[in-house]
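Chemist: Here is my input, please return the structure:
(chains A and B)
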Amino acid sequence: MKVFKIILAALLVILALVITASALTTRDILPALLERMDPENLAAHDAAMQKAKDRVTTALSENNPERAQRSLDRYINGFSAQLTLSGRVGYDLFFFRNGPSMLALALFLAVAAAGLIAHALDRSSKVRKLVLPAILITVLYVGVYIMENIAGANSMLMTVLKKGAIYALIAVSMNLLNGFTGLFSLGQAGFMLIGAYTYAIFSIETQSRAQVYQYYAGGIIQFQLPALLSIALAGLAAALFAFLIGWPVLRLKSDYLAIATLGFAEIIRAIFQYDGLGPLTNGSNLLRKFTVFETALFPFAVAGVCIALIALLIHSTYGRSFKAIRDDEVAAEAMGINLYAHKQMAFVISSFFAGVGGALLAMYQTTVQAAAFTSAMTYEILLIVVIGGMGSISGSVIASFLFVAASEWWLRFLDNETMLGSFRVPLLRSGFRMVVFSVVIMAVVLFYRKGIMGDRELSLGRFRRGLSRRKKGGAQDG
Amino acid sequence: MADAMLELSHVTMQFGGVVAVDNLSMHIDQDEIVALIGPNGAGKTTAFNCITGVYTPTSGQVFYRGELIVSNRPQGRMKTLYAGSHKDFPTQIVVNTPDRITKMGLARTFQNIRLFKTQTVFENVLIATHLHRTSNLFTATMRLNRQEERSFREHAMSMLEAVGLQDEKDELAVSLPYGKQRRLEIARALATRPRLLLLDEPAAGMNPQETDALGRFIVDIRSRFGLTVFLIEHHMDLVMDISDRIYVIDFGRQIAHGIPEQIQDNPDVITAYLGVDEE
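Modeler: Residues are numbered from 1 along each chain as shown, chains lettered A, B, ... in the order given. The predicted structure follows:
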């Protein structure tokens, strides 16, 4: 087993080296190609070939087989040079176009090989714990990068991946509150709105402000902050609002929080469209021309870091007390956990990350308008959390990608009227997608009562145990 | 003699017009095991809830090691509704939430077991170490508190060993049999490092052998952890066996107080439990 792993790793390393070498030595073949394709050069080549052919004929007619042989050789060499060139063109063009992704692929293979070797040599739990997740994360990011270069940044696949990553962050932030702390909040869209607006307001290009705020004399803010700083401010603004709402509401027991946060989300949407705030929020007009991301790696990186932070928090002593509050408030309080302080903590942190998610969503959409952040958006995210499993981070992540893919992509065809030959497929028309989508969700809820993941997490250990159990079971059956 | 470990002074708890605890005064000294008994609905658990901050008593004071931790007088509607027998109200108002009272060193268990249902046996105990944290949100999230985390885990593990549940540590708390769930609740309370342990019917639903073992266990942890124990219990054998003193209440009022032998022969107690002999 160990030997097998090392051999496999060696093969991967060789492959990675070959790909790297090819990607690095590739050159822009186009100038050379164009030169060859130049009519003069082509004519010269054709003339040379014709001449060689003529020489063969002449040699044969002169009954001189040696010369005929030599001329024929030259003729054939001319052909094969042409052939080599065309083969080389395809190869070089591929590596030239996809050079960066090929390098990424090589990195990917090298990391996989390193992981295999580390795994084969050291069986201690620390290596297993650190190396495998590190490999998986590298694989994920490199995979996204390669897909983006192959499928194109504006392809449906990349759209779904970008939006999925953003929704994953927002769903995990909601899960922190609803799934892990047991507080039922319905204000996610409101906090996203605050995040999106804060981000947009601070990162609009200074020279475009007059154009964006055309009805408000260019707005009151006349500077532009860097994207990451604006994102942090977006989170902080959402957190501040959460703190102010939580202050009175979280002292109450039971579900008043849901009502208060739902009301807050509706009110904040109206306030941001209020004309009097126009110099800041641009009233009910769009905010645009702010910094957006070029590559899907950006939302993946930001969402990944944020989700990792939430996961670390949940597995810390504070996260344990959040779960205690969810399971039994009375017992948690009797164990010395200050209910209000901990609920406020969870609420503020959740809203912070919802604000960051809102900022990413603004970047993804490239424009922001308050009217889009309806309570339906909150319900979408709540749906993701419930389908993924209350109290499962990986569940929320998986469910958000599935949700976005299904609603934006896979079920799209249901909205188009389709003809099979002369047969018009019944039911397919605009809006039918949502009917099917609802049925799919009902089916998921029926078969997975507690969501796809329940309150468990996706873990390599569990996966491996599952495999070995299956193997054992198979052996017993056999 | 230093201050009593716990002292209740004229505590009255009234819900609407119902006086659940009426003018209850008692004291518990260091290292004692004191039992609070009484028929069903006598107000025992309400008295517990007044001490631990779940309820704020309508009137009366509670001292813990000489420190005033709860003090209240009838307010608002209660000024006119008040029906307790003690009319001399304290002037101070001191209200503490249960978490603060636990931090002071009083830990409790519950009559109807309240474990954290989705968590393992070990996690249940580990949560009770949270109140001794010195890490803040940032250091805990960034794992800068490894030392503390390790000491928490060791402490939780030693509490599980103290109650003999170390082998079940990775099982779900709710999957344990009843008696072990009770022991787990005690371990969880002990993990908060209390000086005074309040046990609300620890032997409920146990058979005689288990009750017997529980009695020995309570005496054992008292000496091992230097605890004072205040318990509510219905199993008379257990109460008579381990208690240093007993308070008896009925309809919220104290009807008897003394060492077990005195209580056993007290005609008021017998009346309260068995009803009046009709002859």
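Chemist: rest of the way, CA atoms for contacts and neighbours
Modeler: Noted.
Chemist: quick one: buried residues of the one helix or strand A:Ala270 maps to?
Modeler: A:Ala270 belongs to helix A:256-272 when assigned by DSSP states H and E. Neighbour counts over helix A:256-272 (16 or more other C-alpha atoms under 10 Å in any protein chain shown) mark A:256-258, A:260-262, A:264-266, A:268-269, A:271-272 as buried.
Chemist: So which residues on chain B come close to chain A?
Modeler: Taking C-alpha under 8 Å from any C-alpha of the partner chain as the measure of proximity, chain B contacts chain A at B:52, B:98-103, B:107-108, B:114-118, B:123, B:127-128, B:130-131, B:137, B:140-143, B:149, B:188-189, B:192.
Chemist: Provide a PyMOL selection command restricted to the buried entries of those residues.
Modeler: The buried subset of those, as determined by 16+ other C-alpha under 10 Å, is captured in PyMOL by this line:
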select buried, chain B and resi 52+98+99+100+101+102+103+107+108+114+115+116+117+118+123+127+128+130+131+140+141+143+149+188+189+192
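Chemist: Out of the residues of chain B next to chain A, list just those in helices.
Modeler: Counting by DSSP state H, the part of these found in helices is B:52, B:98-103, B:123, B:127, B:137, B:140-141, B:149, B:188-189.
Chemist: Tell me which two in these are the farthest apart.
Modeler: Greatest spatial distance among these (C-alpha to C-alpha): B:Thr52 and B:Thr141, at 30.8 Å.
Chemist: so where's chain B shaky on pLDDT?
Modeler: Applying pLDDT under 70 to chain B flags the ranges B:1-2, B:276-279.
Chemist: in it, which spans are helices?
Modeler: Here chain B has its helices, by DSSP H, at B:44-52, B:78-81, B:98-104, B:121-127, B:137-141, B:146-162, B:178-190, B:208-225, B:236-242, B:260-264, B:267-274.
Chemist: Show me the chain divided up by domain.
Modeler: By default, I'm working from chain A. The record's domain parsing of chain A by automatic domain parsing lists A:2-139, A:152-395+A:448-460.
Chemist: Sorry, I should have been clearer: chain B.
Modeler: According to automatic domain parsing, the domains of chain B span B:1-105+B:194-279, B:114-193.
Chemist: Which one of the ones you listed lies nearest to A:Ser422?
Modeler: Closest to A:Ser422 of the domains of chain B is domain B:114-193 (C-alpha to C-alpha; 57.6 Å).
Chemist: Not including adjacent chain positions, what is the nearest residue to the residue in the stretch 201-350 of chain A that chain B sits nearest to?
Modeler: Nearest residue of the stretch 201-350 of chain A to chain B: A:Gly336, at 3.7 Å (C-alpha to the nearest C-alpha). Leaving aside its chain neighbours, A:Gly336 sits nearest to B:Asp99 (3.7 Å; criterion: C-alpha to C-alpha, 6 or more residues apart in numbering or on different chains).
Chemist: Is that neighbour in contact with A:Ala334, as I believe?
Modeler: Yes: under the criterion of C-alpha atoms under 8 Å, B:Asp99 makes contact with A:Ala334 at 5.5 Å.
Chemist: Please report the distance of the closest residue to chain B within the stretch 51-200 of chain A from A:Phe322.
Modeler: Across the stretch 51-200 of chain A, the shortest distance to chain B (C-alpha to the nearest C-alpha) belongs to A:Phe180, at 10.8 Å. From A:Phe180 over to A:Phe322 the distance is 6 Å, taken as C-alpha to C-alpha, to the nearest Å.
Chemist: of the two, who's got more company?
Modeler: Using other C-alpha atoms under 10 Å in any protein chain shown as the criterion, A:Phe180 and A:Phe322 rank with A:Phe322 on top: 29 against 25.
Chemist: Secondary structure of the more buried one: a helix, I assume?
Modeler: Yes: using DSSP: H, G, I helix; E, B strand; the rest coil, the assignment for A:Phe322 is a helix.
Chemist: Touching, it and A:His342? I think so.
Modeler: Yes: using C-alpha under 8 Å, A:Phe322 is in contact with A:His342, at 6.9 Å.
Chemist: With just CA atoms, put the host helix or strand of A:Phe403 into CSV.
Modeler: Counting by DSSP H and E, the element that carries A:Phe403 is helix A:393-405. C-alpha atoms of helix A:393-405 as CSV (Å, rounded to 0.1, in the frame of the first residue of the first chain):
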residue,chain,number,x,y,z
ILE,A,393,-21.4,24.2,8.3
SER,A,394,-20.6,21.8,5.5
GLY,A,395,-24.3,21.2,5.0
SER,A,396,-24.9,24.9,4.5
VAL,A,397,-22.0,25.1,2.0
ILE,A,398,-23.1,22.1,0.0
ALA,A,399,-26.7,23.2,0.0
SER,A,400,-25.9,26.7,-1.2
PHE,A,401,-24.0,25.5,-4.2
LEU,A,402,-26.8,23.0,-5.0
PHE,A,403,-29.5,25.6,-4.5
VAL,A,404,-27.8,28.2,-6.7
ALA,A,405,-27.0,25.6,-9.4
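Chemist: Could you confirm whether any residue of it contacts chain B?
Modeler: No: judged by C-alpha under 8 Å from any C-alpha, helix A:393-405 and chain B are separated, with a smallest distance of 15.7 Å.
Chemist: who touches that helix?
Modeler: Contact with helix A:393-405 is made by A:160-161, A:163-165, A:167-169, A:171-172, A:175, A:311, A:384-385, A:387-389, A:451-454, A:457-458, as judged by C-alpha atoms under 8 Å, 6 or more residues apart in numbering or on different chains.
Chemist: give me every residue that touches the closest residue to chain A within the stretch 51-200 of chain B.
Modeler: Of all residues in the stretch 51-200 of chain B, B:Asp99 sits closest to chain A, at 3.7 Å by C-alpha to the nearest C-alpha. Residues near B:Asp99 by C-alpha under 8 Å, 6+ apart: A:333-338.
Chemist: Wait, A:Lys289 touches A:Glu205, no?
Modeler: Yes: assessed by C-alpha under 8 Å, A:Lys289 is found in contact with A:Glu205 at 6.5 Å.
Chemist: pull the helix or strand with minimum mean pLDDT from chain A.
Modeler: Here the helix or strand of chain A ranked lowest by mean pLDDT, DSSP states H and E is helix A:460-477, holding a mean of 55.
Chemist: what pairs with B:Leu8 across the strands?
Modeler: Beta-bridge pairing of B:Leu8 under DSSP bridges involves B:Met26, B:Val62.
Chemist: distance of it from chain A?
Modeler: Going from B:Leu8 to chain A by C-alpha to the nearest C-alpha, to the nearest Å gives 20 Å.
Chemist: What is the neighbour count of that residue?
Modeler: With other C-alpha under 10 Å as criterion, B:Leu8 counts 22.
Chemist: B:Leu126 now?
Modeler: For B:Leu126, the neighbour count with other C-alpha under 10 Å is 25.
Chemist: if I look at A:Ala153, how far off is A:Arg412?
Modeler: Note on A:Ala153: its distance to A:Arg412, by C-alpha to C-alpha, is 20 Å.
Chemist: Then B:Val54?
Modeler: Applying C-alpha to C-alpha, the value for B:Val54 to A:Arg412 is 55 Å.
Chemist: next one: B:Ser151
Modeler: 55 Å.
Chemist: who has more neighbours, these two?
Modeler: Neighbours were counted for B:Ser151 and for A:Arg412 using other C-alpha under 10 Å; A:Arg412 has more, 16 against 12.
Chemist: What residues of the helix or strand where A:Ala376 lies count as buried?
Modeler: Element membership for A:Ala376 (DSSP H and E) is helix A:375-388. Buried residues in helix A:375-388, defined by neighbour count with 16+ other C-alpha under 10 Å: A:375, A:377-378, A:380-388.
Chemist: so which of those comes closest to A:Val348?
Modeler: A:Thr378 (16.9 Å).
Chemist: For that closest one, give me the pLDDT.
Modeler: We have a pLDDT of 95 for A:Thr378.
Chemist: A:Ala405: how many residues sit nearby?
Modeler: Residues lying near A:Ala405 (other C-alpha under 10 Å) number 20.
Chemist: Can you tell me the closest non-neighbouring residue to A:Asp255?
Modeler: A:Phe184 is the one closest to A:Asp255 (C-alpha to C-alpha, 6+ apart), at 6.6 Å.
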